[in-house]
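Could you look at this predicted model? Sequence included:
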Amino acid sequence: MRRPGTIVWREIEDALERDLTEGVFAPGAKMPVENDLAAKFGVNRHTVRRALASLKERGLISIEPGRGVFAKGPVLSYPVSRRTRFSESIGHISKFVRGQMLRSWHLAAPEKIAADLDIPVGSSLVAIDDLRTVDGHPLSLSTHYFPLPRFADLPVLFAETSSVTRALSMLGVDDYERRLTRVHARGATLDEASTLHCDSGAPVLVVESVNVDLDGKPIEFGYSRSVGEALEMVFDNRNETSSQGTK
């Protein structure tokens, strides 16, 4: 029975929000389609669509064209310090953090990357694209650039270990530090939206980073794109002396 004076779509929104907060739909779970929800609540699809749109605006669900409606989890905090490592930073929330190499290639260093890596423009680099997932859901798409010939075997080692840190260790870099982090936001491209399972133009958090070995020599330029509504970057000086573990 509906409450007098209550807008119907808001009642549906409230009911679905209760299901989300009570765990009826776990983060990442696919929710019923519009037709099923319309039948359940005895309304038309337009009314259901309005309720879903409001839930999406509030960040409680994601609507992926051609795939459906999905429950969303909490925003993940990613601490940034001199010893930032992705898997340990996110892994305290879930043990199901995965890295997957999508491709690797060689290129000549463009001006910006060459400047950050302290190498001449046109120097040879090896690059990998790496998709990071949490509990099976895409979170971050990263491109890593490494100077050649020192890191020629890194793509093979990363494919075996799913870890930049472990691959670097196997190449003689037992530890490294973050020298530089740049952060800005923009809309997702079509390719990024397809890979990260978000809407084209949805906010993505872009992070550029430079890591150096313990002699201060740059070893990696990173360029990551993360689902903006799922991740927050935390810059906390108290983390400067702590170890963050494996990337």
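Arrived safely. Numbering: from 1, shown residues only.

When you work out contacts or count neighbours from here on, use the C-alpha atoms and nothing else.
OK.

unless I'm mixing things up, Ala108 is touching Ile119, no?
No. Applying Cα atoms under 8 Å as the test, Ala108 and Ile119 come out as separate, 11.0 Å apart.

Gly68: neighbour count?
13 (other Cα atoms under 10 Å).

which residues does it contact?
Taking Cα atoms under 8 Å, 6 or more residues apart in numbering as the contact definition, Gly68 lies against 30-31, 33.

out of those, which one sits closest to Arg58?
Closest to Arg58 out of the contacts of Gly68 is Met31 (16.4 Å), distances taken as Cα to Cα.

Residue ranges in the protein under the pLDDT threshold?
Counting by pLDDT under 70, the ranges of the chain that qualify are 1-6, 26-28, 73-81, 83-97, 135, 236-247.

where do the helices sit along it?
Counting by DSSP state H, the chain has helices at residues 8-21, 34-41, 45-57, 86-91, 111-117, 154-161, 164-170, 190-196.

From Ala29, how far out is the residue lying closest to Leu37 once chain neighbours are set aside?
Spatially, and ignoring its direct neighbours in sequence, Leu37 is nearest to Val48 (6.8 Å; Cα to Cα, 6 or more residues apart in numbering). Here the criterion is Cα to Cα, to the nearest Å. By it, Val48 lies 18 Å from Ala29.

Can you give me the neighbour number for the residue nearest to Leu37?
Val48 has 24 nearby residues by other Cα under 10 Å.

you'd agree it is up against Arg10?
No. Using Cα under 8 Å, Val48 makes no contact with Arg10, being 9.4 Å away.

tell me the contacts of Lys56?
Residues in contact with Lys56 (Cα under 8 Å, 6+ apart) are 62-63.

any idea how far it is from Val234?
Counting by Cα to Cα, the gap from Lys56 to Val234 is 24 Å.

what's the domain layout of the protein?
The chain breaks down by automatic domain parsing into domains covering 8-71, 76-239.
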